[in-house]
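Trainee: would you be able to build a 3D model of this:
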Amino acid sequence: MNRADPAPPLEAGAGIAYFGKDEGRGPFEETETMYDFEFSKPSTIAEAVAALGHEGAQALGGGQTLLPTMKQRLAAPETLVSLTGIPEMKGVCLSDAGEVCIGGGTSHARVAAEAAAHYPALASMAGRIGDPAVRNRGTIGGSLANNDPSACYPAAVLGSGATVRTNTRDIAADDFFDGMFTTALEEGEIITEVRFPVPEKASYQKFIQPASRFALVGVFVAKFADGVRVAVTGASSDGVFRWTEAEEALNGSFSADALADVAPPSGDMISDLHGSGAYRAHLVKVMTGRAVAAAS
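Mentor: Numbering: from 1, shown residues only. Next up is the predicted model:
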């Protein structure tokens with residue numbers, strides 16, 4: 001079968017993955033195989049939980065990570081359960097306590113548009129994720145569940161001290177992230193909403209890796225009445241983390257100058273072709289200073 005040939009019709013509720021080594025450069029080799037999968041699009045959280053209870057089921061948000069992973073044959077779920085058709089998981093609102101509440105299925109573009117009046121720093125961060133295609137397909141719940149070590153949302157959630165609400169419980173940001181691509185979520189657990197307390201001041205600054213638009217280093221700084229939180233993404237092999245030394249300095253004086261005598265963070269920093277660990281540690285301090293200056 002050539003790529004130019006029409007694909008066979010799909011049955012409702014089913015999908016076929018046409019993923020080949022050529023990636024669009026010509027016909028499939030005779031030995032190349034295709035695999036099919038079921039596709040479910042529930043309309044309620046209860047239906048989604050039930051669908052994910054079946055063996056081989058995988059939740060699908062915007063698909064910005066899962067679909068490329070399937071193309072590389074690093075994942076082959078038997079059933080994709082789309083979370084994009086659940087109205088109660090979409091949108092931005094304010095709680096009675098003044099928190100910005102964002103449904104787990106809300107796209108980055110919608111967060112950028114609808115959170116701007118309530119939490120400008122969060123909206124600004126969402127509006128700079130990836131490119132327009134990513135922002136209009138990717139979701140906050142999918143980003144957090146994936147917990148890419150260079151993703152932007154983990155820094156916003158940890159820096160804001162947000163609460164991740166699932167179909168079964170509430171998880172504080174400090175308890176949610178367990179390392180690179182790892183979270184406190186249990187099998188079949190769905191992020192239904194994220195609640196952000198609104199700080200007095202906040203800013204997110206990132207040094208972009210141009211090819212991927214991910215953060216080579218990103219820093220979210222938020223000043224609350226009871227203290228400052230500084231969350232860093234893109235730098236550590238352990239994923240997003242709070243830079244406590246910077247928090248202590250900024251609690252004394254919320255100014256970029258307060259960081260002058262603070263040593264860059266140490267630890268297991270990412271070192272790759274885009275930048276060494278020492279370079280990333282230096283960027284953490286630089287971007288933190290810029291975030292403080294922008295928030296002041």
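
Trainee: mind listing what the nearest residue to P87 once chain neighbours are set aside touches?
Mentor: In space, not counting the residues next to it along the chain, P87 is nearest to S43; the distance is 7.5 Å by Cβ to Cβ, 6 or more residues apart in numbering. Backbone N, C-alpha and C define where each C-beta goes, glycine included. S43 is in contact with G85, I86, P87, counting by Cβ atoms under 8 Å, 6 or more residues apart in numbering.

Trainee: and what about S43, helix, strand or coil?
Mentor: With DSSP: H, G, I helix; E, B strand; the rest coil as the basis, the three-state label of S43 is coil.

Trainee: any idea how far it is from T166?
Mentor: To T166, S43 is 19 Å away according to Cβ to Cβ, to the nearest Å.

Trainee: can you check P264 too?
Mentor: Going from P264 to T166 by Cβ to Cβ gives 35 Å.

Trainee: if you count what's nearby, which of the two comes out ahead?
Mentor: Between P264 and T166, counting by other Cβ atoms under 10 Å, T166 is the more crowded of the two (22 against 19).

Trainee: ok, which stretches of the stretch 1-150 of the chain are helices?
Mentor: Here the stretch 1-150 of the chain has its helices, by DSSP state H, counting those that start in this stretch, at 45-52, 66-71, 108-114, 120-126, 132-137, 140-146.

Trainee: mean pLDDT lowest where, among these?
Mentor: Lowest mean pLDDT within the helices of the stretch 1-150 of the chain: helix 66-71, at a mean of 84.

Trainee: what residues sit buried inside that one?
Mentor: L66, L67, M70 (16 or more other Cβ atoms under 10 Å).

Trainee: so for stretch 53-64, what's the average pLDDT?
Mentor: On average, stretch 53-64 scores 90.

Trainee: next, the buried residues of it.
Mentor: Judged by neighbour count (16+ other Cβ under 10 Å), stretch 53-64 contains these buried residues: A57, Q58, A59, L60, G61, G62, G63, Q64.

Trainee: roughly how far does the nearest residue to the second one once chain neighbours are set aside sit from F39?
Mentor: Leaving aside its sequence neighbours, Q58 sits nearest to P77 (Cβ to Cβ, 6+ apart; 3.6 Å). As for P77, its distance to F39 is 10 Å (criterion: Cβ to Cβ).

Trainee: give me the buried entries from the contacts of S43.
Mentor: Using 16+ other Cβ under 10 Å as the burial test, those include I86 as buried.

Trainee: ok so, going back, closest one to S255 out of the buried residues of helix 66-71, please.
Mentor: Nearest to S255 out of these is L66 (Cβ to Cβ; 42.3 Å).

Trainee: isn't that closest one up against A75?
Mentor: Yes. Using Cβ atoms under 8 Å, L66 is in contact with A75, at 6.7 Å.

Trainee: now the common contact residues for the two.
Mentor: Taking Cβ under 8 Å, 6+ apart as the contact rule, L66 and A75 both touch Q58.

Trainee: most centrally placed residue in this structure?
Mentor: With the centre of the chain defined as its mean C-alpha position, the nearest residue by Cα atoms, centre = their mean is S143, 2.5 Å away.

Trainee: list the contacts for that residue?
Mentor: Contacts of S143 by Cβ under 8 Å, 6+ apart are G61, H108, A151, C152, Y153, P154.

Trainee: what about the strands in this protein?
Mentor: 14-17, 35-40, 57-60, 79-82, 92-94, 100-103, 163-166, 170-172, 191-196, 201-208, 215-224, 227-233, 241-242 (DSSP state E).

Trainee: which one of these is the most hemmed in?
Mentor: strand 215-224 (a mean of 27; mean count of other Cβ atoms under 10 Å).

Trainee: got the angle for that one vs strand 227-233?
Mentor: 170 degrees (axes from the mean of the first three to the mean of the last three Cα atoms, to 10 degrees).

Trainee: need the strands of the chain in a markdown table (columns: distance to S253).
Mentor: Shown next, in a markdown table, are these (distance: least, Cβ to Cβ, whole Å):
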| stretch | distance to S253 |
| --- | --- |
| strand 14-17 | 55 |
| strand 35-40 | 53 |
| strand 57-60 | 44 |
| strand 79-82 | 48 |
| strand 92-94 | 31 |
| strand 100-103 | 28 |
| strand 163-166 | 29 |
| strand 170-172 | 27 |
| strand 191-196 | 25 |
| strand 201-208 | 13 |
| strand 215-224 | 11 |
| strand 227-233 | 10 |
| strand 241-242 | 19 |
